[in-house]
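*Asks:* this one's structure only:
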């Protein structure tokens, strides 16, 4: 069972940031449920195998103010994939620093190592939509050549983060995370 | 939240507006860009002059801005229209009917981000067959007002999107890979009625013009 966490402040953003991820899971015939982070319970976390934390809009920073509501992640031992805002949450919880950089639209990223189906030394055009990023602590490995960390993994835990939106152009990242 | 909806007259912009209203937002104005350039990458041009009629039957004020449709200049014109909607109607966000076009969506995102307001794309990455089914379930009356490529010919112009249309377009999708929702620019639509309208529109008169080949037609309509 996969838990998909909605971090959007505005209900209408569900269609843009959560539903496309649900579509990938439906296509893969995965069992999942969606919960907003404000409604998450201990029981929810007990019955799941994996977590995907979705992104949100450029103007929505509520989740950063509420980052403490995600403190359970630090002691969680199941795989997590954070997308955009979800990646920022992971970074902040593990001692990273929030930085400002706006990227909107397609950007090319070069892979240093294989990452959830993206091949080493390949160049990928990926969809970006963010005003912020996180400078991660040393517990996380960086998988792209970009100074702004675009794809990371915790060195010991199955915690992944991507700053771009794989649900737009690189759905295989989500499928690969689910398969792992 | 007070929202302004970018509308072109077609199914996507009106369905996105409908979802925005259903989510509890207040649609305080519609925003339309009337481009003189039929090849504009940003804005759909067919039937745009009929949007005023849609605005009238929906009871929602319309902000209409003309543009020559020159590539970057039209983005300035869009920004001007959104600024006008902020000033006149106090919008806190913009709704678009973008489904898959990163070109269109990212340009609107850049403008709204610069202006410090929200951008909503409720049809983003939506399955196209599902989109058509939802239109039918929600009683949208939508007709094709233009077709722009093989194998769509003049017989498709004026067709209503109904169960038969869905069946026929799916066959063309299987055979020719054309988008069932016209996302690749294969056809343009116009909404005659939807839950946002106080009364439906009717076509009083129509004229179908052949454009540059046998698979490119446009329908001019007179509404009542």
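*Replies:* That came in fine, so what should we check first? Keep in mind the model is a prediction, meaning the values are calculated, not measured.

*Asks:* So which residues of the chain form strands?
*Replies:* Let's take chain A. A:2-6, A:32-36, A:50-53, A:80-83, A:97-110, A:123-135, A:140-142, A:151-154, A:159-162 (DSSP state E).

*Asks:* my bad, the chain I had in mind was chain B
*Replies:* B:2-6, B:26-35, B:62-67, B:93-95, B:118-120, B:141-148, B:187-193, B:203-210, B:216-223.

*Asks:* so which of those comes closest to residue A:57?
*Replies:* strand B:118-120 (6.0 Å; CB to CB). In short, each C-beta sits where N, CA and C put it, glycine included.

*Asks:* Contacts only, for the closest residue to residue B:128 other than its chain neighbours.
*Replies:* Closest residue to residue B:128 apart from its sequence neighbours, by CB to CB, 6 or more residues apart in numbering or on different chains: residue B:181 at 3.7 Å. By CB atoms under 8 Å, 6 or more residues apart in numbering or on different chains, the contact list for residue B:181 reads B:11, B:12, B:99, B:128, B:129, B:131, B:132.

*Asks:* From residue B:12, how far out is residue B:181?
*Replies:* 8 Å (CB to CB, to the nearest Å).

*Asks:* what does residue A:143 give?
*Replies:* Taken as CB to CB, the span from residue A:143 to residue B:12 is 36 Å.

*Asks:* and of the strands of chain B, who's closest to chain A?
*Replies:* Nearest of the strands of chain B to chain A, taken as CB to the nearest CB: strand B:118-120 at 5.1 Å.

*Asks:* count of residues packed around the closest residue to residue A:149 other than its chain neighbours?
*Replies:* Closest residue to residue A:149 apart from its sequence neighbours, by CB to CB, 6+ apart: residue A:142 at 5.1 Å. Other residues lying near residue A:142 total 17 when counted by other CB atoms under 10 Å in any protein chain shown.

*Asks:* For residue A:142, which residues count as its bridge partners?
*Replies:* Residue A:142 forms beta bridges with residue A:152, as assigned by DSSP bridges.

*Asks:* what residues are up against it?
*Replies:* So residue A:142 contacts A:112, A:136, A:149, A:151, A:152 (CB under 8 Å, 6+ apart).

*Asks:* mind listing what residue 31 touches?
*Replies:* Since you didn't name a chain, this refers to chain A. Residue A:31 touches A:1, A:2, counting by CB under 8 Å, 6+ apart.

*Asks:* um, chain B though
*Replies:* With CB under 8 Å, 6+ apart, residue B:31 has these contacts: B:4, B:5, B:6, B:7, B:62, B:63, B:64, B:65, B:81, B:82, B:85, B:94.

*Asks:* any idea how far residue B:33 is from the fifth one?
*Replies:* It stands for residue B:62. 11 Å.

*Asks:* try the last one
*Replies:* Per CB to CB, residue B:94 is found 12 Å from residue B:33.

*Asks:* list the residues that contact both of these two?
*Replies:* residue B:6.

*Asks:* Up against chain B, what does chain A have?
*Replies:* A:10-13, A:15-16, A:19-20, A:23, A:57-60, A:102, A:104-106, A:127, A:129, A:131, A:167-168 (CB under 8 Å from any CB of the partner chain).

*Asks:* Let's have the strands of chain B in a markdown table, adding mean pLDDT.
*Replies:* Shown next, in a markdown table, are those (pLDDT from 0 to 100):
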| stretch | mean pLDDT |
| --- | --- |
| strand B:2-6 | 98 |
| strand B:26-35 | 93 |
| strand B:62-67 | 90 |
| strand B:93-95 | 98 |
| strand B:118-120 | 98 |
| strand B:141-148 | 93 |
| strand B:187-193 | 94 |
| strand B:203-210 | 88 |
| strand B:216-223 | 86 |
